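*Asks:* Any chance you can model this:
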Amino acid sequence: MNAPAQQGQAGPARRSVCAHCARPAVACICRWISPVESAVRLLILQHPMEVSNAKGSARLLHLSVAGSTLVAGEVFDPAQLGELLTVEGRRAVLLYPDTPDDRSLGMPAPPPLPPELLHAPGRLLLVVLDGTWRKSRKMLYLNPLLHALPRLPLNDMPPSRYRIRKAHAPDQLSTLEAACHALGEIDGDHDRFLPLSRAFDDLIDAFVLHQGRI
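*Replies:* Sure, this is the predicted structure:
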């Protein structure tokens, strides 16, 4: 029989959490936040399994890009997602390659991306799916409202420096890298996002140095 706990006996200590970045205090990423602004609004839809993943880049991206929104979920309520996709009357564009194989799953071909939208960043909402390739495809499949969005593929991408997670292809970037590249393309100013890219590099270096304890 277990002995009864003595009155006033302290239970297991709870880990302190940073109120700003929502990471454990010992793994706070606030020092790497690098504020940047874009005429494009950024909506990050994060798979639930990425929320507590120490190797994820979405929260640093969200905390750095002014006006961005980060929402976790796999299947979103259509009314909620509809509101997120129509913020400020902007036109939502999904940062995702065309995947013809998905037609076999009953997903329609995405509508064409009007070229003039890429010259009007103030009218754009860039939607980014944060998750592994398999998880992001499932999120896309399970949320029909995303099927109706024109897609923005990434071209002439730099090599990824996201060496702490295994990629399935050499041109696959982290969420932060992909979003920064896309925002730089649309804004016509890649240099604006270099400080954030460099901060992310420093975060990766620290993660490797401390063997993942950050």
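
*Asks:* Tell me which other helices or strands the longest helix along the chain touches.
*Replies:* In the chain, taking DSSP state H as the definition, the longest helix is helix 194-209. Helix 194-209 is packed against helix 58-64, helix 175-187, with contacts defined by 3 or more C-beta pairs under 8 Å, 6 or more residues apart in numbering; DSSP states H and E. Heads up, the C-betas are built off the backbone N, CA and C, glycines and all.

*Asks:* between the ones you listed, which gets nearest to V36?
*Replies:* In terms of C-beta to C-beta, the element of these nearest to V36 is helix 58-64, at 5.8 Å.

*Asks:* which residues touch the closest one?
*Replies:* 20-23, 29-30, 32-36, 42, 44, 46, 50, 68-70, 128, 130, 175-176, 179-180, 196, 199-200, 203 (C-beta atoms under 8 Å, 6 or more residues apart in numbering).

*Asks:* Please check those residues and keep the buried ones.
*Replies:* The neighbour-count criterion (16 or more other C-beta atoms under 10 Å) marks 21, 23, 29, 32-34, 36, 42, 44, 46, 50, 68, 70, 128, 130, 175-176, 179-180, 196, 199-200, 203 among the contacts of helix 58-64 as buried.

*Asks:* Is it correct that L203 is in contact with I29?
*Replies:* Yes. The criterion here is C-beta atoms under 8 Å, and L203 meets it with I29 at 6.4 Å.

*Asks:* Please name the residues that touch the residue lying closest to I186 once chain neighbours are set aside.
*Replies:* Leaving aside its sequence neighbours, I186 sits nearest to P121 (C-beta to C-beta, 6 or more residues apart in numbering; 5.0 Å). By C-beta under 8 Å, 6+ apart, the contact list for P121 reads S38, A39, V40, I186, D187.
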